[in-house]
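Enquirer: the sequence and its predicted three-dimensional model are supplied below.
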Amino acid sequence: MTGIAASIGGALVMAAVSTFGDFVWATWIARHRMIFGLTHGMLLFLCMGLYLGAIAQRPAIGALAGALIGFIAAGSFYLLAPLAGYSVMFFVWIGLWAAFGALHRWLQRERLTLGSAFLRGMAAALLSGAAFYAISGIWRPFHPRGWDYAVHFAAWTIAFLPGFLALILKRSRAPFSEIATPGGKK
C-alpha cells in the first residue's frame, strides 16, 4: 500500500469510527460523564493505533499504545477544560498527533531522529488541527437527533487526512535535479 493509499485508508477508518462515536453519543448517552469521554478517547485512538500498527505489521502494540494515547488525551482535556474552556480541545488534538508521530516512527522502526518524528507529528498536529477546527461546527446547533451522519463522515475524513498524510508519506531523498530531469541527467 502506498503512503497516499495508507493515509486515505487511515482517514476513512477514523472517520467511520468517529462518526459511529458521534452516533453513540447522540443516541445512547443522555448525560455527559467523564467516564464516557475517557472511554470514547481510549477506544477511538485504540483504533488509530491499531491502524498504524497494522500497516507496520505490529497491530497489537499499536492498539495498546493508541489506547494509552487516547486515554491520556481525554484525561488532559477533562483536567484542563475547567481551567481554559472547551478550546483546550484543539491543544489536546495537537498533542495527540505529536504522540502519534512518535508512535508511528517507533512502529515503523524508522531511522528518523526523535526530533524528526516530533516535527512530523507537529506537522500532522497543525495541519489536522486546522482541519479539525474547520469541521468543528458539525455539532452545532446541538440537535443530535437531526444530524446528517454522511456530513459527519465527510467532515471527519477531512479532519484526519492531513494528519495521516504528514505521518505516513515519505520524503523523496533524491535531489530535485534528479527528479526534474529524465534519468536524473543534467
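Expert: Arrived safely.
Enquirer: all helices for this protein, in order.
Expert: Assignment of helices within the chain using DSSP state H yields the ranges 3-28, 34-55, 59-84, 88-108, 114-135, 149-168, 176-180.
Enquirer: now render those as a markdown table, adding mean neighbour count.
Expert: Where you see a C-beta, it was placed from the backbone N, CA and C, and this is true even at glycine. Converted to a markdown table, the helices of the chain look like this (neighbours: other C-beta atoms under 10 Å):
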| stretch | mean neighbour count |
| --- | --- |
| helix 3-28 | 17 |
| helix 34-55 | 20 |
| helix 59-84 | 18 |
| helix 88-108 | 21 |
| helix 114-135 | 18 |
| helix 149-168 | 21 |
| helix 176-180 | 10 |
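Enquirer: with mean pLDDT added, can I get those in TSV?
Expert: Written out in TSV, the entries for these read as follows (pLDDT from 0 to 100):
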stretch	mean pLDDT
helix 3-28	94
helix 34-55	97
helix 59-84	97
helix 88-108	89
helix 114-135	85
helix 149-168	93
helix 176-180	43
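Enquirer: residue 4 reaches residue 161, doesn't it?
Expert: No - if you go by C-beta atoms under 8 Å, residue 4 and residue 161 don't touch, sitting 10.1 Å apart.
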